[in-house]
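*Asks:* please work out how this folds:
(chains A and B)
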Amino acid sequence: MATTTAGDMPYQERSLFVRKATGLVRGWSVQDAFIYATFSINLITLGLYIFSYGPFIPKASLLWAVLLSGAYLLFQTIVYSSLIAVMPRAGGDYVWVSRVIGGGIGFVLAVCGWWFINWHWVPIYANILEKQFFQPLAAVIGWDSAVTFFGEAKGLFTASVITAVLAAFFISLGMRGYAKLQKFCFYGGVLGLLIIFALLLFHSKDAFINAFNSGSADQYHGPANAYQATINKGSYDGADNLGSLAFGTTVLLIPMIAFFNLWSNWGATLYGEVRGASDFRKNIYAMAGALVVTSIAAVIFFLLIAKTMGWDFYNSANNAFWSGTDSMGGVWPYPVTLATFFISPWLQFIVILLMSLWFFGWVGTVFLTASRVIFATAFDRILPEKVAQVSKNGVPYYAILIMFVPSLVIAYFYAYNATFFSWTLDATLVIAVTFVGSTVAAAILPWRKPEIYNASPIAKYKIGPLPLITAAAIAFLAFLGFCIYKWLQDDVYGSNDTGSLIYMGCLYGIALAIYLVSRIVRARQGMNLKMVYNEIPAE
Amino acid sequence: MRLFFATDIHGSETCWRKFLNSGRHYEADVIVLGGDMTGKALVPIVSDGGGRWHATLLENREELEGEEAVAAFEDAVCRRGYYPFRTDPDELRELADDEPRWHRLFHDEMLKTVERWMALADERLEGTGIRAFVCPGNDDQLDIDDVVQSAKKVELAEGRVVELDGYQMASTGWSNLTPWDTYREEDEPQLAERITRVVDQVTADPERTIFSFHCPPYNSGLDEAPDLTEDMKLKDAGRATKPVGSTAVRQAIEDFEPALSLHGHIHECKASTRIGRTLCINPGSSYEQGDLLGAVVDLDGKKKIKRFLLTSG
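*Replies:* Numbering: from 1, shown residues only, chains lettered A, B, ... in the order given. Below is the predicted model of the structure:
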């Protein structure tokens, strides 16, 4: 509605008369969308894990890297909110790329980035499950053999099986059940995080040193004065750099941080009809809000860690862990474990359990997006229709099967074969390449699909002569290009392994082969897959 | 026989024109529009005097100067599936305060559009040999049936069985109850009776029978819609979905096992599945974007249809 006047009296002019019809809803909650985006850029699971790699780029500032990348990635939220506004309910990267650029490219990028690569994310998730759930809880209750078990290959494989089973189970719950579970986990997880913040805020550094020394000795059989031992063994030049910008090195942390904050675009794609620009803005608020709030929460966490634990200690503990000289029996220095050394073991157990909700609300995502891509490609008849079948209870059992079984095979080799492990290091890179596809699609969309673009609520947004979607896409492409270049060029990210590149290349090759074989098979069956995307003339 | 099926175009001028061209584009013998062909909203274009107008589309206010700009805006509104009308501030104010009056206006604009569409169909389909069927859906008012029936080249399929080159197609656009209290919806038992009345007219074998029921079968993967709160907002930002299809439709498919069952109604649920031997399709709808989602199906008289594509035209 717009305010205007008729005669002398101001009144709210009605700009739309909507009759009763299916699908007309009053809107959706930004808060809900924010919750799910916040789960995607998960500060606890992804964030704390990747922050521990900070020492690999000495002198860089983790705090500034999070802030700078968080601010820049607002362009990503504009790109994806724009794509959703132009092609809502479309099914994500696969549909955007296949409709704007081409079916083959869309299929290869989406299948590699959202399906094949998620097999490899199962052991990565499992690694986090071990470090943030099994090992800390086992240590609290004094179950040493379990702590050891989950630090070994068989423990990692077991955690991978548990991760895959949980993800499959949550998918089989259906979207409604999973959404409820995520909401419960979000509020529980936030409560846990506030408790951690309070523990760090209201305790002194001296109290932490004492608590850590006794906690590491009691639960992890660490040495006497483990705090100082950790600093002695793990400290490095620049370990105490919390807030100094050091731009040249800090910027090199950003491709690493992307492991955590590149995912705000796992946002909603289902909206009501007869809606417009406000939905576009709400979408940005939800995704950007999640990015900003998570970045701020990370900074608060850093400041509290620096105040109570000491920033040099935090970095030293991480460095010592990765170099095998730690004072916690070879167990990852989970900041939640460290912060809960202040309280009694049973309270510590409860808080770690509460914080594990950040994992359990998130674990389903490892299969969820893959299932959407599998469905979309099956409906386009590239994959066999069988894979999109659901049971009478709505369970997509074939889709689950083709995600679950390969992920276990991958997890087995990941856990037991060091060479194979090194091949999987490009897991983030492959998804970023998929984002490149969608971002290129976004950049050229106003010219490739002018009718759809001009009919969308975002057509009027421009930056100078460029459509906003194009300008934001160019900016986001620069970010992705920088990250991909650094991942490929610099050893420090662990992703320029030749074996890994060949292996990932093979995955792209398999995806391309599936597409080409499918085209040939369908053509022999009398179906031209080109018909799927060809636009009918509207004259 | 090749059949093209689309559904839920909700007043989109672009989608209707694409539908009329779909037979030639996909080399189809028969084209079927599965329901919900009428629009959902009226958009006022308000005169500011002196050849200046203003209007709002998709929450973006436009200032229009001259006939050309107004006509272009009207085209954009029609492409989106809404009905534009020209007015002045005083009339608009009266209209806003008088719900029956704007409902009448909506009704008139809607009927005018359907009449124009049928005339366009008669012109476009003449001499093509392509048979076109329309079966209005739950969002379509009952009196559009008469308008469709008056067309020469479009056949009304509602509530009857039609012969298609050795096949029979049984159709209804009625659905089970929705939260929107639409024009053609009823309880499951009544819907089951309605479906039975239509299916009882079928004399062909199941492998030569097509169902065209607007409402998809319950819990089939073709009927997942966003769950709503009591005040009609999307729960969990649209992530929480639940099956809303019809148990009566599902029962009819399970009992009769037709070769093909065509559905719509749930726009966001583009999908295909098998219930027994029956291929069930909901091509979904992106009418607001002018994208005609559809299904091309080759029927060969065998027990199981294997050649079909979901299209995005």
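
*Asks:* which bits of the stretch 101-250 of chain B sit near chain A?
*Replies:* Within the stretch 101-250 of chain B, the positions adjacent to chain A are B:102-103, B:105-106, B:138-139, B:178, B:180-182, B:219-221, B:224, B:226-228, B:231-243 by CB under 8 Å from any CB of the partner chain. C-beta coordinates here come from the backbone N, C-alpha and C atoms, glycine included.

*Asks:* which of those are buried? Put it as a PyMOL command.
*Replies:* Only the buried entries of these go into this PyMOL selection, using 16 or more other CB atoms under 10 Å in any protein chain shown:
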select buried, chain B and resi 102+105+106+138+139+178+180+182+219+220+221+224+226+227+228+233+234+235+236+237+238+239+240+241+242+243
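
*Asks:* now, the residues of the stretch 101-250 of chain B next to chain A that are in helices?
*Replies:* B:102, B:103, B:105, B:106 (DSSP state H).

*Asks:* among those, give me the pair with the biggest separation.
*Replies:* The most widely separated members of these are B:103 and B:105, with 7.2 Å between them, by CB to CB.

*Asks:* can you pull out the strands in the stretch 1-150 of chain B?
*Replies:* Under the criterion DSSP state E, counting those that start in this stretch, strands of the stretch 1-150 of chain B are mapped to B:2-6, B:30-33, B:41-49, B:52-57, B:60-65, B:83-87, B:131-134.

*Asks:* list the helices and strands the fifth one packs on?
*Replies:* Contacts of strand B:60-65 with other secondary structure elements, assessed using 3 or more CB pairs under 8 Å, 6 or more residues apart in numbering or on different chains; DSSP states H and E, are made with strand B:52-57, helix B:67-80.

*Asks:* of all these, which lies closest to chain A?
*Replies:* Across the helices and strands packed on strand B:60-65, chain A has its closest neighbour in strand B:52-57 (3.6 Å, CB to the nearest CB).

*Asks:* what residues does the stretch 101-250 of chain A have near chain B?
*Replies:* A:174, A:175, A:176, A:178, A:179, A:180, A:182, A:183.

*Asks:* most neighbours, which of these?
*Replies:* Counting neighbours by other CB atoms under 10 Å in any protein chain shown, residue A:182 leads these with 25 neighbours.

*Asks:* coming back round to it: so which of the residues of the stretch 101-250 of chain A next to chain B belong to helices?
*Replies:* A:174, A:175, A:176, A:178, A:179, A:180, A:182, A:183.

*Asks:* would TSV of those with pLDDT and distance to residue A:405 be doable?
*Replies:* Shown next, in TSV, are these (pLDDT from 0 to 100; distance: CB to CB, whole Å):
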residue	pLDDT	distance to residue A:405
A:174	79	21
A:175	77	23
A:176	80	26
A:178	84	21
A:179	84	26
A:180	87	28
A:182	89	25
A:183	91	30
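
*Asks:* tabulate the residues you listed (a markdown table), appending distance to residue B:166.
*Replies:* Listed next are these as a markdown table, based on distance: CB to CB, whole Å:
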| residue | distance to residue B:166 |
| --- | --- |
| A:174 | 40 |
| A:175 | 41 |
| A:176 | 43 |
| A:178 | 46 |
| A:179 | 47 |
| A:180 | 50 |
| A:182 | 51 |
| A:183 | 53 |
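
*Asks:* which one of these sits closest to residue B:205?
*Replies:* Here the nearest of those to residue B:205, counting by CB to CB, is residue A:174; it sits at 36.1 Å.

*Asks:* starting at the chain centroid, how far to stretch A:138-145?
*Replies:* Relative to its chain's centre, stretch A:138-145 lies at 30 Å (CA atoms, centre = their mean, to the nearest Å).

*Asks:* what about dumping the CA coordinates of it to PDB?
*Replies:* Extracted in PDB, the C-alpha atoms of stretch A:138-145 (Å, rounded to 0.1, in the frame of the first residue of the first chain):
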ATOM      1  CA  ALA A 138      33.800 -39.400  27.200                       C
ATOM      2  CA  ALA A 139      36.600 -37.400  28.900                       C
ATOM      3  CA  VAL A 140      34.200 -35.800  31.400                       C
ATOM      4  CA  ILE A 141      32.900 -39.200  32.600                       C
ATOM      5  CA  GLY A 142      36.400 -40.600  32.600                       C
ATOM      6  CA  TRP A 143      35.900 -43.100  29.800                       C
ATOM      7  CA  ASP A 144      39.500 -43.000  28.500                       C
ATOM      8  CA  SER A 145      39.200 -45.800  26.100                       C
END
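
*Asks:* rounded mean pLDDT for it, please.
*Replies:* Mean per-residue pLDDT for stretch A:138-145: 97.

*Asks:* in chain B, which residue sits furthest out from the middle?
*Replies:* Using CA atoms, centre = their mean, the residue of chain B lying farthest from its centre is residue B:50. It sits 39.5 Å away.

*Asks:* against residue B:65, how distant is that one?
*Replies:* According to CB to CB, to the nearest Å, residue B:50 and residue B:65 sit 9 Å apart.

*Asks:* now residue B:16
*Replies:* 29 Å.

*Asks:* what about these two, which has more around it?
*Replies:* Taking other CB under 10 Å, residue B:16 and residue B:65 do not tie; residue B:16 has more neighbours (25 against 13).

*Asks:* is that one in contact with residue B:37, as I believe?
*Replies:* Yes. Residue B:16 is in contact with residue B:37 according to CB atoms under 8 Å; the separation is 7.5 Å.

*Asks:* please identify every residue contacting each of these two.
*Replies:* Residues touching both residue B:16 and residue B:37 (CB atoms under 8 Å, 6 or more residues apart in numbering or on different chains): B:9, B:117.

*Asks:* any chance you could map the strands in the stretch 151-300 of chain A?
*Replies:* For the stretch 151-300 of chain A, no strands turn up when DSSP E, counting those that start in this stretch is the criterion.

*Asks:* tell me where the model's unsure across it.
*Replies:* A:267-277 (pLDDT under 70).
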